[in-house]
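Novice: based on what follows, work out the 3D shape:
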Amino acid sequence: MFFYAEQSEGKWLFDGANENRNHGTYYLDNKLPARYSLEDYPSSSDLNALAKKIIKLAPQLAEARYNDKKLNALLKGVLKIKYGSELRLLYEAANLELKIMATHWVKSINRGAIEIRDKSEEEDVYLYMALENGEWRLLACYTGWLSSDAILKD
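Specialist: The predicted structure follows:
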């Protein structure tokens, strides 16, 4: 467990706590506050453009889910992934009519989140991304409630 404190006027003041080691590192490097919510971070035109590309490719990605060679060919220049299974939740929603609900860009750590929902509003998919050397890398893909810690995964 990591506890965050700041010294002010000679006193230590408790500022937050969590279990994420990466968050602790970002906090000590002054890249993230002790308590944060992705909802506090702005939208990103780059993430919106990426989300549009992913939505457009979703049905093709679902068809190629068991063929790494096809997946890599479809995603070349769009998204860097290690395993096709990282996109399994997107595959599940791929045959639905999808729309972008929100993006959040945390510039200080070069990471962002994309929220996609099917138009029947039954399924939300959250894609957590890192921008590394000009390439987008998928960190995690979840459904359900927005999990801020997922953006801190390595």
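Novice: distance of Y91 relative to T143?
Specialist: From Y91 across to T143, the span is 12 Å (Cβ to Cβ, to the nearest Å). In short, each C-beta sits where N, CA and C put it, glycine included.
Novice: of those two, which one has the most company?
Specialist: Set Y91 next to T143 and count neighbours by other Cβ atoms under 10 Å: Y91 wins out with 19 against 14.
Novice: what pLDDT does the closest residue to that one other than its chain neighbours get?
Specialist: Excluding its sequence neighbours, the residue lying closest to Y91 (Cβ to Cβ, 6 or more residues apart in numbering) is A62, at 4.4 Å. Here, the pLDDT recorded for A62 equals 81.
Novice: thinking A62 is in contact with A94, fair?
Specialist: Yes - A62 is within contact range of A94, at 3.6 Å (criterion: Cβ atoms under 8 Å).
Novice: so between the two, which is more surrounded?
Specialist: Here A62 and A94 are compared on neighbour count by other Cβ under 10 Å; more neighbours surround A94, at 20 against 16.
Novice: who's in contact with that one?
Specialist: A94 makes contact with 58-59, 61-62 under the criterion Cβ atoms under 8 Å, 6 or more residues apart in numbering.
Novice: spatially, which two of the residues you listed are the most separated?
Specialist: Greatest spatial distance in the contacts of A94: P59 and L61, 7.3 Å, computed using Cβ to Cβ.
Novice: domains of this protein?
Specialist: When the chain is parsed with automatic domain parsing, its domains come out as 1-35, 37-152.
Novice: deepest-packed of these, please.
Specialist: Ranked by average neighbour count under the criterion mean count of other Cβ atoms under 10 Å, those are headed by domain 37-152 at a mean of 16.
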